[in-house]
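K.L.:
Below is the structure, and that's it, no one-letter string:
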């Protein structure tokens, strides 16, 4: 994984040269704003429209899987589409109106067109009493049902009168749609970047994840990398299950992965470890966050959450972690109308991008080396690698990094191992490893092996 | 270790239904009060009488091992019996009187009948200067000697006059006696419950341990279990050594064990780990205490203490821990007349019983399972195992437990492993494992193996 | 490693009997004072004179390695000698004078004899602005150059006039000199004691290390030991590299080692772990310091420092740690004229000696034993190894030590393992292991093995 070709390294210095961080953050916000109004679900035209808009950003391929397809223990559901929905009062006024917000309809509601009194209607109304101005987001994918979500204030205003209830939806044989973008690297080994694209008008969950994945893809496509990268824009749960079921031959190629979701709010970055807990992605993410100087948290794996649930199921068990800011369910705006355009921020998205790229840079540049002059230190001075006047009380960071790389490079410790043991950042370790390699003092471990796979 | 038969589970819910906790605590106190006056020792009639009284509670078998029997490095000692003992002053008054408390005679004192002055007598008197009202408990099992224990106040009242000293004891060829109760389970694998029964009028050490062992036996005999259970009521040290030496063929059957002692005082429960330190009994006890909501301590193994010293000697090395409250030697009443009926409490005994049964319940129900649908999550909803309306911010504990069991059941993690990793209590994990098994989603690991031993 | 011969054990009790600690501390200070004025370097007559003075203390052999000898990646440099050096002002006064302090000349300065103005001169002057009274210590071993070190105050006093600059040095083909003392023990396995002897008039760094090594050698030569001991008095870096390059056949014999430096200041003792981190020397040092009752620190290995850099390079990888007080570079006096005779203290040197000898005593006496009566405890009482009156609330430390040694001696745990697990000091563990061995209860593990190497 050590490269001398013209590949651009994903480290922060090059990023700063190549990118305008402000512009990148603003572009992510613009994409989120563009996608925000669309009524997405786990199937249907809203999802298709979303993916089509993403195709303007990256060469995404759209996949369609027919209703009824068996995917492991699950079945691809009927396709859901909706044109309109409302509750009209006796005066014909829309007191709940899908046109104002697609959150007002329980996602996957079956078609309804009926008149009923308030008591019966209330059995189909969902509110958030603790936040009387907010509309909750609810779904009923796997039980045929219908309902409306509205604010507690709206509910309080409803009179005991007859209402006209209309959900102009269809739930019929069709397809599950997802987007896939594969970026070929030098090796068939893959890094998976996955985000869910099934939530309607909610910004942090998960338009922020979509925007981040798009930005990562845009950076990577501008520079050939060692790993191949696979980007999935899928409906949560059923989408991941569908992809895994239909791509079992590709699973073994996935060496590392990240689920991206909820990365635009003001909370600290949270990395949730893979089921393995000590995978390279887990260690790379912890390392980058530790050296980021930002508040952050490392979360242990748990089987609840987003699509890491599927990627980390015991029979799949991929090295896939999750990058988020405030974890889902721990902020009140989660799955409500308050997860809107004001809830996500360009600078937070930009920071998440920088951290993501640094994590990928660690994976790209990690490797295990052998000190070719292992008996005592090599004389760095005669190679111009050392300060020339001895006796000064402090040695520079680079010199320390050089000593660490030389000392630990016995074919057993990767650069990430060395960064962790030394307490120095991976980027310093990588740079001096390059310098030492150029001076013939270091060789990649696999190059020393008779049967090196290259 | 997973059972579908009619066995009662030892979990707290069933306990609460089947038992009257207040009554159980009172019964333990009554048994302690009944045994309190008896002058027990490591051999002799007091020990026999004690075991005979226990036979009214459980079908204990009494074993007799002759004096002189070689048991590993030790020899079964002569049998000691005592009828009376006193020190009379010049006026013929009993100034120290065995009839008032059997603690007044150094246990295993040889017979004496002499007259002597105060100076000579004092060489045979033991007191506790720090607690002038208390009488110490002392023994001289392996050195033929005699002595009296008395309070510092009694000692202060002794005049410089001639005393008549009488210890009407015998130390002769006889037997070492112990009680054993074996309760057959579904498997020959055993859980050992051991307590020492050699201390005279001391309540916490160890009538409390005896009462707890009796109560556990009474609960277990009312409900067939997976494991066989062996209860030993033995003289400390020499009793454990004797049992081990004479039952070497049975040692390998013992998979888990508990030494019970000092469980009736008001101190926090203390579990002392086995020599192995990570045995299932160690983990089960730590887990139950952690989730008990009670103050407690987990102690590392040390080779000092009660009969765990023998069970955990390097050539025996059983997975035997110790359950106590305040550890011996760390409370002033230890081995004194202040360890009396006021020092032990029904509610503390009852709590110790509940914790003991929960620990045994973990051992009984622990097992390693295989998720039969390991690729991605199974669709719990279609099996009625999942909430039907998605999107709510919180999932119930049972749902989390289900996800944990499914995620971790790869044949490598036991239910106790899963309880520890998830932070959920074993009982929740056990319940959902049962439910998942009933729905065909889980199978016991051994059932998946071609050569499963059942 | 367990001995019954007449060898003196290096434990503190015997030390206290055999040595007068005050006298030993004073002797170390006297040696430091004697060596202080000499202008040492990594080669040359100052180093030779130093070693000759050490030969009066211990039978050190002096080795000479010619300039130009290839030693691994390095080459033995030209030999440097200096007779005089000064800067004279226009009035002929020596404003900087090598005769006052050898620190005034940059060590390894090439010969110079010139006149120049202040501006040009200043390019060759080094000061310590933060400590205006102190003269820094600087070297230029591997770049031919010259310079003077002086105090900031001296520099401030220099007028803008013409100066006469003279460095009467030679840098010519010659030798690198080092001292070696090998003390034969019962086994060919060696303990390496290494200190650098190349610094001129600096007391803590490293005359203190030299004095400590000499004292250890004097103690050890008075009493035959199990291990052989090799003492090296070498120029830093190039000396260690030279010894290792020319003694590759001996490296495998070195089982443990200590680099000694900076042990005379008032700071806490610091032990820096070997690269391995869990070598016996690392554990012995941590154990002794923990039980010393003194403030101390255990430092993780890093590849910066003294000659542990070479001994712990990946192709050498010896179990060599470093004993110091305040670590180099973290006290302002480091590498300045303030590291003088007032900076080192007899009682600190003596403490360092006591700790060093206790560490060596752990290595000498560590061993792995087998309990020959592993089933249950042996009856200590019948062997006179146990208190005779039972029931007392506390057992002595020795009894606990005995129980620990018996319990843990299953051929897998060394005495040091047992000391660590029990929390007892090694010396107690060692003493009871001796007693148990004398009573036939313990045997060294290797003696139980058919193919024991002895």
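P.N.:
Perfect, thanks for sending it. Please read all numbers here as calculations on a predicted model, not as lab measurements. Numbers count the residues shown, from 1 in each chain, chains lettered A, B, ... in the order given.

K.L.:
going forward, measure contacts between C-alpha atoms and count neighbours the same way
P.N.:
Noted.

K.L.:
any idea how far the closest residue to residue A:173 other than its chain neighbours lies from chain B?
P.N.:
In space, residue A:173 comes closest to residue A:78 once its chain neighbours are excluded; the distance is 4.9 Å by CA to CA, 6 or more residues apart in numbering or on different chains. Residue A:78 sits 15 Å away from chain B, going by CA to the nearest CA, to the nearest Å.

K.L.:
At the contact with chain B, which residues of chain A appear?
P.N.:
By the rule CA under 8 Å from any CA of the partner chain, the part of chain A lying against chain B is A:72-74, A:137-143, A:241, A:302-304, A:309-316, A:328-329, A:334-335.

K.L.:
Now, of the residues you listed, which are buried?
P.N.:
Listed as buried from these are A:72, A:74, A:137-141, A:241, A:302-303, A:309-316, A:328, A:334-335; burial here means 16 or more other CA atoms under 10 Å in any protein chain shown.

K.L.:
Mind checking which of these are in strands?
P.N.:
residue A:74 (DSSP state E).

K.L.:
near chain C, from the buried ones among the residues of chain A next to chain B?
P.N.:
Among these, no residue sits close to chain C (CA under 8 Å from any CA).

K.L.:
so of the buried ones among the residues of chain A next to chain B, which ones are in helices?
P.N.:
Secondary structure defined by DSSP state H assigns A:241, A:309, A:310, A:311 of those to helices.

K.L.:
need the contact list for the last one.
P.N.:
This points to residue A:311. Residue A:311 sits next to A:240, A:317, A:318, A:320, B:376 when contact means CA atoms under 8 Å, 6 or more residues apart in numbering or on different chains.

K.L.:
would you list the residues you listed in JSON lines and tack on distance to chain C, neighbour count and pLDDT?
P.N.:
Formatted as JSON lines, the contacts of residue A:311 follow (distance: CA to the nearest CA, whole Å; neighbours: other CA atoms under 10 Å in any protein chain shown; pLDDT from 0 to 100):
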{"residue": "A:240", "distance to chain C": "44", "neighbour count": "26", "pLDDT": "98"}
{"residue": "A:317", "distance to chain C": "33", "neighbour count": "20", "pLDDT": "98"}
{"residue": "A:318", "distance to chain C": "32", "neighbour count": "24", "pLDDT": "98"}
{"residue": "A:320", "distance to chain C": "32", "neighbour count": "32", "pLDDT": "98"}
{"residue": "B:376", "distance to chain C": "42", "neighbour count": "30", "pLDDT": "97"}
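
K.L.:
Point out where chain A drops to low pLDDT.
P.N.:
Applying pLDDT under 70 to chain A flags the ranges A:1-19, A:387-397, A:447-454.

K.L.:
centroid residue for it?
P.N.:
With distances taken as CA atoms, centre = their mean, chain A has residue A:260 as the residue nearest its mean C-alpha position (1.3 Å).

K.L.:
Just give me how far stretch A:432-441 sits from the chain centre.
P.N.:
Averaging C-alpha positions (CA atoms, centre = their mean, to the nearest Å) puts stretch A:432-441 35 Å from its chain's average.

K.L.:
what do you get for stretch A:337-347?
P.N.:
The answer for stretch A:337-347 is 17 Å, by CA atoms, centre = their mean.

K.L.:
again with stretch A:56-66
P.N.:
Taking mean C-alpha positions (CA atoms, centre = their mean), stretch A:56-66 and its chain are 17 Å apart.

K.L.:
same deal with stretch A:159-172?
P.N.:
The answer for stretch A:159-172 is 36 Å, by CA atoms, centre = their mean.

K.L.:
Name the residues of that stretch that come out as buried.
P.N.:
Result for stretch A:159-172 [16+ other CA under 10 Å]: buried residues A:162, A:163, A:164, A:165, A:166, A:167, A:168, A:169, A:170, A:171.

K.L.:
Same check on stretch A:265-279?
P.N.:
Within stretch A:265-279, the residues scored as buried using 16+ other CA under 10 Å are A:265, A:267-277, A:279.

K.L.:
From the opening residue of it to its closing one, how far?
P.N.:
27 Å (CA to CA, to the nearest Å).

K.L.:
likewise stretch A:30-44?
P.N.:
Counting by CA to CA, the terminal residues of stretch A:30-44 are separated by 23 Å.

K.L.:
for that stretch, the distance to its chain's centre please.
P.N.:
Distance, centroid of stretch A:30-44 to centroid of chain: 17 Å (CA atoms, centre = their mean).

K.L.:
likewise stretch A:313-332?
P.N.:
Relative to its chain's centre, stretch A:313-332 lies at 9 Å (CA atoms, centre = their mean).

K.L.:
end-to-end on it?
P.N.:
With CA to CA applied, stretch A:313-332 spans 29 Å between its terminal residues.

K.L.:
and if you look at stretch A:290-300?
P.N.:
End-to-end span of stretch A:290-300 (CA to CA): 16 Å.

K.L.:
Distance check, residue A:66 against residue A:233.
P.N.:
With CA to CA as the criterion, residue A:66 and residue A:233 are 17 Å apart.

K.L.:
Could you export the ones in helices among the buried ones among the residues of chain A next to chain B as CSV, including distance to residue A:155?
P.N.:
Putting these into CSV (distance: CA to CA, whole Å) gives the following:
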residue, distance to residue A:155
A:241, 38
A:309, 36
A:310, 38
A:311, 40
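
K.L.:
and of those residues, the nearest to residue B:382?
P.N.:
Minimum distance to residue B:382 across those is 15.7 Å, recorded for residue A:241 (CA to CA).

K.L.:
so who does the closest one touch?
P.N.:
So residue A:241 contacts A:71, A:72, A:74, A:310, B:376 (CA under 8 Å, 6+ apart).

K.L.:
in terms of contact, does the second one touch residue B:379 like I think?
P.N.:
No - between residue A:72 and residue B:379 there is no contact, the gap being 9.4 Å when judged by CA atoms under 8 Å.

K.L.:
circling back: ok, what's across the strand from the residue nearest to the centre of chain A?
P.N.:
residue A:323 (DSSP bridges).

K.L.:
tell me which element residue A:214 is part of?
P.N.:
Using DSSP states H and E, the element containing residue A:214 is helix A:209-221.

K.L.:
After that helix, which helix or strand is next?
P.N.:
strand A:228-234.

K.L.:
outside of that next one, which residues touch it?
P.N.:
A:51, A:177-198, A:210, A:213, A:217, A:240.

K.L.:
same question, stretch A:360-374
P.N.:
By CA under 8 Å, 6+ apart, the residues outside stretch A:360-374 that reach it are A:1-3, A:9-11, A:225-227, A:280-281, A:284, A:406-407, A:409-416, A:426-427, A:430, A:440-446, A:448, C:73, C:313-316.

K.L.:
how does it look with 7 Å?
P.N.:
The contact list for stretch A:360-374, computed with CA atoms under 7 Å, 6 or more residues apart in numbering or on different chains, reads A:1-2, A:9-11, A:226-227, A:284, A:406, A:409-416, A:426, A:441-445, C:313-315.

K.L.:
Give me the distance from stretch A:190-204 to the chain's centre.
P.N.:
Put simply, stretch A:190-204 sits 6 Å off its chain's centre (CA atoms, centre = their mean).

K.L.:
Tell me the buried residues in that stretch?
P.N.:
Using 16+ other CA under 10 Å as the test for burial, stretch A:190-204 gives A:190-204.

K.L.:
doesn't residue A:270 fall inside a helix?
P.N.:
No - per DSSP: H, G, I helix; E, B strand; the rest coil, residue A:270 lies outside any helix segment and is strand.

K.L.:
what's the nearest residue to it if we skip its chain neighbours?
P.N.:
Residue A:270's closest residue in space is residue A:297 (CA to CA, 6+ apart), at 4.7 Å.
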